[in-house]
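Q: Quick check, what structure comes out for this input:
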Amino acid sequence: MFKLPTIGISCFTVQSSVPPVFVQKGKDVLLDVDNVPEDFSLFVWKLEKENSILVTLYPGGNSKISKAYTGRIDHPEKKKYSVILKNLQETDSRVYTGRVTTDDGDSTLVQHNIIVQDVVSPVQLEVNSVSNSSHSCNVTLTCSTADSHISSTFRCIDQKCDQDGGNQSKITNSSSSLQVYLLDVTVICKHRNQVSSTEDRTDIQHYVFLYFVDFNKA
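A: Purely as a prediction, here's the structure:
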């Protein structure tokens, strides 16, 4: 379960200014609040800019969970007015607001900007071609995932290899990052977002060696 830092209302004025907290799909998140006044009438957790209320909490510890969130709200120990929102899905990516009602009226105490992401799909690194020029061996590989790919060429001279154009990366259709780069003699294909990462790698000199073995046999 993720615990969010508390953000005072004075730190922001609009939704986009609330710092995001990324949570993996299926996990739980703690909507935390610490500064509820003792003389309040009720405290609600609601969706920002909507009338949808998750839960209403009353003095003395009683609470009323909205029908849409039945089975998805828990109360943590020693946190009277904080709540745990369970089993997050992409549709739960919202700004959650904690509002209190007192004799002086209503006021916002805290907001949490939740962005839910699924784990990234696996990646595969494949060799497309191996060729030579007068002084080098060129290896072209493709780093691919479910919805995107990057092709990159690596040029090897003796025992030293370089990547044409340097490290390459792109944002996929699912808003994750796909990257292919060279680390010493290892080509790494990495797919990641803010909650997960996966990679595939290969030793480029292995293909260079095999190419020259086959070339010398010809």
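Q: Quick check: closest non-adjacent residue to the residue positioned nearest the centre of the chain.
A: In the chain, the residue lying closest to the centroid (C-alpha atoms, centre = their mean) is residue 194, at 2.5 Å. Excluding its sequence neighbours, the residue lying closest to residue 194 (C-beta to C-beta, 6 or more residues apart in numbering) is residue 22, at 3.8 Å. In this view, the C-beta of every residue, glycine as well, is placed from N, C-alpha and C.
Q: buried residues in the lengthiest strand in the chain?
A: Ranked by residue count and defined by DSSP state E, the top strand of the chain is strand 105-117. For strand 105-117, a neighbour-count test (16 or more other C-beta atoms under 10 Å) marks 109-117 as buried.
Q: Run through the neighbouring helices and strands of it.
A: When contacts are defined as 3 or more C-beta pairs under 8 Å, 6 or more residues apart in numbering; DSSP states H and E, strand 105-117 packs onto strand 20-24, strand 29-31, strand 95-102.
Q: quick one, that strand and strand 20-24 angle?
A: In terms of direction (axes from the mean of the first three to the mean of the last three C-alpha atoms, to 10 degrees), strand 105-117 departs from strand 20-24 by 50 degrees.
Q: So what are the sheet partners of strand 105-117 and their directions?
A: Strand 105-117 pairs in its sheet with strand 20-24 (parallel), strand 95-102 (antiparallel), by DSSP bridges.
Q: so of those strands, which one's packed in deepest?
A: strand 95-102 (a mean of 20; mean count of other C-beta atoms under 10 Å).
Q: quick check: domain ranges of the protein?
A: Using automatic domain parsing, the domains assigned to the chain come out as 2-117, 124-217.
Q: roughly how far is the first one from the heart of the chain?
A: Looking back up the chat, that one is domain 2-117. Centre-to-centre, domain 2-117 and its host chain are 21 Å apart (C-alpha atoms, centre = their mean, to the nearest Å).
Q: what's the answer for stretch 145-161, then?
A: On C-alpha atoms, centre = their mean, the centre of stretch 145-161 falls 26 Å from that of its chain.
Q: average pLDDT for stretch 128-146?
A: Mean pLDDT, stretch 128-146: 87.
Q: what sits up against it?
A: Stretch 128-146 is contacted by residues 120-127, 149-157, 161, 172, 174, 176, 178-180, 187, 189, 191, 200, 202, 204, 207-208, 210-212, 215 when judged by C-beta atoms under 8 Å, 6 or more residues apart in numbering.
Q: so what's residue 180 closest to, chain neighbours aside?
A: residue 143 (4.0 Å).
Q: ok, now residue 48?
A: residue 95 (3.8 Å).
Q: and the one you found, what are its bridge partners?
A: Here residue 95, judged by DSSP bridges, has bridge partners residue 113.
Q: Give me the below-cutoff pLDDT ranges for the chain.
A: 1-16, 134, 209-218 (pLDDT under 70).
Q: returning to that earlier point: quick check on the contacts of stretch 128-146: which are buried?
A: Of the contacts of stretch 128-146, these count as buried by 16+ other C-beta under 10 Å: 120, 123, 125, 149-150, 152, 154, 156, 161, 172, 174, 176, 178-180, 187, 189, 191, 200, 202, 204, 207-208, 211.
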